[in-house]
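A.B. asks: requesting a structural model of the entry that follows:
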Amino acid sequence: MRIKICGITTLEQALAISNLGADTLGFVCVEKSPRYINNEIITNIIKQLPKEISKIGVFVNEKIDNIVKTVEETGLTGIQLHGGENPAICHQLREFLPDREIIKAFRYQNLEFLALLDNYLPVIDTILLDAYEEGVYGGTGKTLNWLQLADFRPHRPWLLAGGINPENVLNALKIVKCDGVDSSSWCEISAGNKDLEKVRQLFQQLN
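C.D. replies: Numbering: from 1, shown residues only. You can find the predicted model right below:
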């Protein structure tokens, strides 16, 4: 079970969360986000993390050149596209970043929506399903309709996001057959400042 904690902003918390058992950390590369950190901070954190940890940069409708530049400057091992990026953009990024993981996040609305994912599968590595809220790209703390996703079996690994916490994660995993979970806003004291005790509680449920 892959466990991704997103919205990391400090080295101290990155190290603490990786020591708790996270295998993937997410860094928000969206300047308008309250969880944004710049390339210099990301680089400093990545240099001091264990090599086996996946380091993912989160982007929303960013220019391809800027994404590639950020990856090359910081040493990110992958990118997460959390906006309205189409398959053509994913294809271009695959060509520019052939050895990096590409996670495409989708804000889930209904079962019919899942049919759109087929167009992305040839050019991405991982799917992430998050809750939909008008005008908000992630970090809503809202849960998805897990029952609708009970039979969701894409031809790519997929991560469940959207309000995942220690109280509901085991119930979610009984219903859906995901390959991992992604958590961010629920375990924060404030935007970008993680509550390590809450993170610890999540790992206790999953271990």
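A.B. asks: number of nearby residues for the residue nearest to D125 when sequence neighbours are not counted?
C.D. replies: Using C-beta to C-beta, 6 or more residues apart in numbering and skipping the chain neighbours, the partner closest in space to D125 is E101 (4.8 Å). Heads up, the C-betas are built off the backbone N, CA and C, glycines and all. E101 has 18 neighbours, counted by other C-beta atoms under 10 Å.
A.B. asks: now do the contacts for E101.
C.D. replies: The contact partners of E101, by C-beta atoms under 8 Å, 6 or more residues apart in numbering, come to S54, I56, T77, G78, I79, D125, T126.
A.B. asks: in the chain, which spans are helices?
C.D. replies: Here the chain has its helices, by DSSP state H, at 11-20, 39-47, 64-74, 87-96, 169-175, 196-206.
A.B. asks: show me what the third one is packed up against.
C.D. replies: This points to helix 64-74. With contacts taken as 3 or more C-beta pairs under 8 Å, 6 or more residues apart in numbering; DSSP states H and E, helix 64-74 sits against helix 39-47, strand 54-59, helix 87-96.
A.B. asks: of all the ones you listed, which one is nearest V169?
C.D. replies: Minimum separation from V169 across these (C-beta to C-beta) falls at strand 54-59, 19.5 Å.
A.B. asks: quick one, that closest one and helix 87-96 angle?
C.D. replies: On the basis of axes from the mean of the first three to the mean of the last three C-alpha atoms, to 10 degrees, strand 54-59 is oriented at 140 degrees to helix 87-96.
A.B. asks: other residues contacting strand 54-59?
C.D. replies: Residues outside strand 54-59 that contact it (C-beta under 8 Å, 6+ apart): 4, 6, 23-30, 42, 45-46, 49, 67, 70-71, 74-83, 101, 103, 138.
A.B. asks: ok, now how distant is the residue located most distally from the centre of the chain from C178?
C.D. replies: Counting by C-alpha atoms, centre = their mean, the extreme residue of the chain relative to its mean C-alpha position is E112, 22.8 Å from that point. Distance of E112 to C178, given as C-beta to C-beta, to the nearest Å: 20 Å.
A.B. asks: list the neighbouring strands of the helix-or-strand element of the chain with minimal mean pLDDT plus their orientation.
C.D. replies: The weakest-scoring helix or strand in the chain, judged by mean pLDDT, DSSP states H and E, is strand 188-190 (a mean of 90). Neighbouring strands of strand 188-190 in its sheet, by DSSP bridges, are strand 193-194 (antiparallel).
A.B. asks: list of residues touching the partner strand?
C.D. replies: For strand 193-194, contacts defined as C-beta under 8 Å, 6+ apart pick out I5, G7, I8, T9, Q13, I17, C187, E188.
A.B. asks: remind me which residues of this protein are low pLDDT?
C.D. replies: Counting by pLDDT under 70, the ranges of the chain that qualify are 132-141.
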